[in-house]
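Novice: Take a look and give me a structure for this.
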Amino acid sequence: MAAGSLAEPLLDGQRGRPDGLHAARLAACLAACVATGVSQPLLMSQLRFAGLADPTCQLYVVPYYFGMASTGVLMVCKPTPRLASLPLHRSVFIACFGIVAQSLNWTGNMFAGSSIFAVIYSSVTIWAALLSRVLMQRVLTIWQWCGIFVVFSGLAITGFEAKHQGDKIFLGAAMVTVGAFLHALSHSLSELISVRGARIPPYVNSCVQGCVCCTLVGTWQCTYTVSHWEKIAIPMEDAGTTWGYASLLLCGVAAGNFVHAATFFYLLTSIGVVSTGVLKSVQSVAVFCLAHFLYCDRDESQCFTPVKGASLVTVVCGVLCYVAATGAAQSRQLAGSYEK
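Specialist: Prediction:
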């Protein structure tokens, strides 16, 4: 068994000790990915308060995927293989999972609030680990399984809290749970096509997925949303939202996801899906805290409670336990390969 098979594939030795320039680029991408990852669910909550969050129209996913598709501009800055030579149908296939995942995630965020979303969404790391076990036959150690068990215990606590707060919040929590699983699936498949076989550069993969999703949600906007525009216009009027402010929020979502998609897909092929998933824990803590201070006075579901706090601590500890166990297992395998 090759080193790294317990968690994520290596990029043919490219994930070794980075040089100074690569380390600086990696640090900048990590910072940008975390910052934009924190801003997205908070912006989505702000869109709800502005009256732009009808779950059937799903206007809020349009700028999200537009930002993702815009990563195609990076093709002019980087050497890119001929697109005709790449198996882009794989990216199209993954996009089908991605659009369902994000629709569930953001709609669940609207229903359950950013704090519950933050806790549940941090489980992406664990879902990715389980998918690696199922899809790629990667072996997990007993301590990795312990980390997974702890995470699911934390998710059970979150479900109890959501059920206690109401059916709508519980529905949102359930949607985010399914969305997190499908998002992990799309992440795992994206890593696979970017590092094995006929590799698709990460920014090309991101652009193709974004374009496919933009086409699908754009069709929905031109058919359903246009004929039900009152579902957007009336809540905006009730909230006192101007079109200037609404445009600013939507542009913020697009710009944030452009940066997030570009950095995330780069990190996906640099440090792997499981390690990238650790960022979700950092994001979750930040979103959890900021949601309380920014929105608690307007939405009780965003407020801190001891149960939510216990759930967040449990989930994050489980994720970190899994990551630590993965690192230890990789170190043992690497030491064994050196001895041979």
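Novice: pLDDT below threshold where in this structure?
Specialist: In the predicted model, the chain carries pLDDT under 70 at residues 1-20, 22, 135-138, 163, 194-198, 265, 268-281, 327, 330, 333-340.
Novice: quick one, longest helix in it?
Specialist: Looking across the chain with DSSP state H, the single longest helix is helix 306-339.
Novice: So which bits of that helix are buried?
Specialist: Within helix 306-339, the residues scored as buried using 16 or more other C-beta atoms under 10 Å are 308, 311-312, 314-323, 325-326, 329-330, 333. The way it works is simple: take the backbone N, C-alpha and C, and place the C-beta from them, glycine included.
Novice: next one: phi and psi at Phe293?
Specialist: Phe293 adopts backbone torsions of phi -70, psi -30, taken as degrees, to the nearest 10.
Novice: Burial check on it, number of neighbours?
Specialist: Phe293 has 11 neighbouring residues, counting by other C-beta atoms under 10 Å.
Novice: Roughly how far does it sit from Ser115?
Specialist: In this view, Phe293 and Ser115 are 11 Å apart by C-beta to C-beta, to the nearest Å.
Novice: Cys296 too?
Specialist: For Cys296, the distance to Ser115 - C-beta to C-beta - is 9 Å.
Novice: Between these two, which contacts overlap?
Specialist: Shared contacts of Cys296 and Ser115, defined by C-beta atoms under 8 Å, 6 or more residues apart in numbering, are found at 302-304.
Novice: Just give the closest residue to Ser45, not the sequence neighbours.
Specialist: Ser114 (4.9 Å; C-beta to C-beta, 6 or more residues apart in numbering).
Novice: which residues sit against stretch 212-224?
Specialist: Here stretch 212-224 has contacts from 56-59, 61-62, 65-66, 68-69, 91-92, 95-96, 98-99, 102, using C-beta under 8 Å, 6+ apart.
Novice: those helices in the stretch 51-200 of the chain, which residues are they?
Specialist: 61-69, 89-112, 114-121, 124-136, 142-165, 167-195 (DSSP state H, counting those that start in this stretch).
Novice: what's the burial count for the spatially closest residue to Val61 that is not a sequence neighbour?
Specialist: Once flanking residues are discounted, Val61 sits nearest to Val217: 5.3 Å by C-beta to C-beta, 6+ apart. The tally of other residues near Val217 (other C-beta under 10 Å) stands at 22.
Novice: Now for Val217, which secondary structure element holds it?
Specialist: helix 202-220 (DSSP states H and E).
Novice: If you count neighbours, what's buried in that helix?
Specialist: Neighbour counts over helix 202-220 (16+ other C-beta under 10 Å) mark 202-214, 216-217, 220 as buried.
Novice: ditto for stretch 44-57
Specialist: Within stretch 44-57, the residues scored as buried using 16+ other C-beta under 10 Å are 44-48, 50-55, 57.
Novice: Figure out the length between the terminal residues of it.
Specialist: With C-alpha to C-alpha, to the nearest Å as the measure, stretch 44-57 spans 14 Å from end to end.
Novice: hmm, back to that, of the helices of the stretch 51-200 of the chain, which approaches Cys29 most closely?
Specialist: Closest to Cys29 of the helices of the stretch 51-200 of the chain is helix 167-195 (C-beta to C-beta; 14.9 Å).
Novice: Report the buried residues of the closest one.
Specialist: Buried residues in helix 167-195, counted by 16+ other C-beta under 10 Å: 169-177, 179-195.
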